[in-house]
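> Using only what follows, build the 3D model:
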Amino acid sequence: MNKKWYDYIPHPVVMLFGMIVLGYILTLLVPSGEFERLMVDGKGKVIPGTFHEVEKPQLNPTAIFYAMPQGFKAAIEVIYIIISSGIMFGFMNASGAVENAVGTFVRKLGHNRQKLLIVLMTFIYGMLGVFIGYENNIAMIPIATVLSLAIGGDLVLATGIAIGGVTVGFGLSPFNPYTVGTAHKIADLPLFSGAILRSVLCFLGLTIMAWYNVRYFKITLKNPSKSLAYGIKTEGISLSKAISDFRMKSKDYWIVALFFVMLIVMIFGVFELKWYLNEISGLFLMFSLVLVFFLKKNNIEIGELILDSVSKVTPGAFMVGFAATIRIILEQGKVSDTITNALAELLQGLPTYLSALGMVATQSFMNFVIPSGSGQALATLPILIPLGEMLHLTKQTVVLAFQVADGVSNLINPTFGGLIAMIALCRVPFERWLRFIAPVVGILLLLVIIFVWISVYIHYGPA
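Got it, this is the predicted structure:
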């Protein structure tokens, strides 16, 4: 049999180890260099024109393995929010509240309206990405697994609805504080200016994601052998009875109500108290403690439930720490700035439209090296914005190229901890996610390139 392209995708652990080794090889081949930096909100902002070569650190091959514990240390906040959210949803599933709430919702909406539900939920998750953020939405991801199974879908469809929706919404959000907000601050543009063009792009991106989810659902419904979720266990999240038999109990109403109260507290904490992953993890664990009083289990059963819940998300947590090792290796070899400077120099002298396309490609590549949106903005935009002006690109166009490249490449970025965490919560292997999402990435790349070229044509400005 002829192998298809996805048959050559290695296991995610093997893929990431290969990237770690490649990162080490780059530290040997690429000259070490640094930009001078100015501290902005606790992070180093690159000062343009200050790149200079430095003495190359002597890293022997054992550095690959010594960097791994440091990678896990650097990613500990993301790792722990995976564990805490796994415990919380393990408790919620054990209570039966999620199953009863989703089953009742589908029954009242009508089981024959699956396609409408898929579209609505994709846009709802997209709006969560637009307005709330990325990792902040991790509590909502497992709900999509129960919902997808309830309407006859699979766990891969759940990733398309929840992770696809959140990632596209977050990546193309006209109000993204991490990418657009940081970029506008660096470019001295009015905060979230030019929102109309980005809003249209975001809506079209979510429309494509919703269409693709419905298409996948129709294909797998007609031919179950086409499902990418074969062999993935659904114990604890699949429905235990027919949709017509579901009813909400008083206990379920209390748990669902308390869950939404917790979400309101989390949103308030994120926007008003500047909470991030540590505080959200703590909130998840406090809510888990509240759920104990609804479970009616003894201490041994509670302990076993905690360990079972952790075991289901541990592979994803491991992947996040493993992925962070790549950045550690590049930092130890002091080659990240050299790569940034070299990519910027490649853009010089290109025609205007081609240079805009080059910026999208450059930022997409850099996202694998620096998966943090705000960190990437601080490292690359101080160089690319003045370069863009030399190439007759407006600041707003440069910001747009940076945002869309970061946003679309996040869908397939194995070094992006939040993506790996969410996929793990859906129990979907990373290589199957790639098989599912690859066509969407191709369509979205074409869409964002068209919009970047439109921005060049209209001389996209602050308005």
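> Show me where the protein has its strands.
In the chain, the strands defined using DSSP state E lie at 33-34, 37-40, 43-46, 52-53.
> So for residue 380, which of those sits nearest?
Across the strands of the chain, residue 380 has its closest neighbour in strand 43-46 (7.5 Å, Cβ to Cβ). (Each C-beta comes from the backbone N, C-alpha and C, glycine too.)
> So which bits of that closest one are buried?
For strand 43-46, a neighbour-count test (16 or more other Cβ atoms under 10 Å) marks 45, 46 as buried.
> hey, C-alpha coordinates of it in CSV?
What follows is strand 43-46, C-alpha atoms only, in CSV (Å, rounded to 0.1, in the frame of the first residue of the first chain):
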residue,chain,number,x,y,z
LYS,A,43,10.2,41.1,29.9
GLY,A,44,13.2,42.1,27.7
LYS,A,45,12.3,44.2,24.7
VAL,A,46,14.9,44.0,21.9
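> Next, the contact list for the residue of the chain most remote from its centre, please.
Relative to the centre of the chain, the most outlying C-alpha is that of residue 298, 37.1 Å out, by Cα atoms, centre = their mean. Counting by Cβ atoms under 8 Å, 6 or more residues apart in numbering, residue 298 makes contact with nothing.
> before we move on, the earlier item: can I get the strands of the chain in JSON lines including mean pLDDT and distance to residue 155?
Output for these, formatted as JSON lines (pLDDT from 0 to 100; distance: least, Cβ to Cβ, whole Å):
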{"stretch": "strand 33-34", "mean pLDDT": "94", "distance to residue 155": "44"}
{"stretch": "strand 37-40", "mean pLDDT": "82", "distance to residue 155": "41"}
{"stretch": "strand 43-46", "mean pLDDT": "80", "distance to residue 155": "36"}
{"stretch": "strand 52-53", "mean pLDDT": "94", "distance to residue 155": "49"}
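> which stretches of the stretch 51-200 of the chain form helices?
63-74, 76-95, 97-109, 114-131, 141-150, 155-159, 165-171, 182-187, 195-222 (DSSP state H, counting those that start in this stretch).
> among those helices, which is nearest residue 282?
Among these, helix 76-95 sits nearest to residue 282 (Cβ to Cβ), with 7.7 Å.
> Off-centre distance for that closest one?
17 Å (Cα atoms, centre = their mean, to the nearest Å).
> Packing partners of that helix?
The helices and strands touching helix 76-95, judged by 3 or more Cβ pairs under 8 Å, 6 or more residues apart in numbering; DSSP states H and E, are helix 97-109, helix 141-150, helix 250-272, helix 277-295, helix 299-333, helix 417-425.
> okay, the angle between it and helix 63-74?
Regarding helix 76-95 and helix 63-74, their directions subtend 60 degrees when assessed with axes from the mean of the first three to the mean of the last three Cα atoms, to 10 degrees.
> List the contacts of stretch 438-450.
Outside stretch 438-450, the residues touching it (Cβ under 8 Å, 6+ apart) are 6, 164, 168, 172, 201, 204-205, 208-209, 212, 357, 360, 404-405, 407-408, 411-412.
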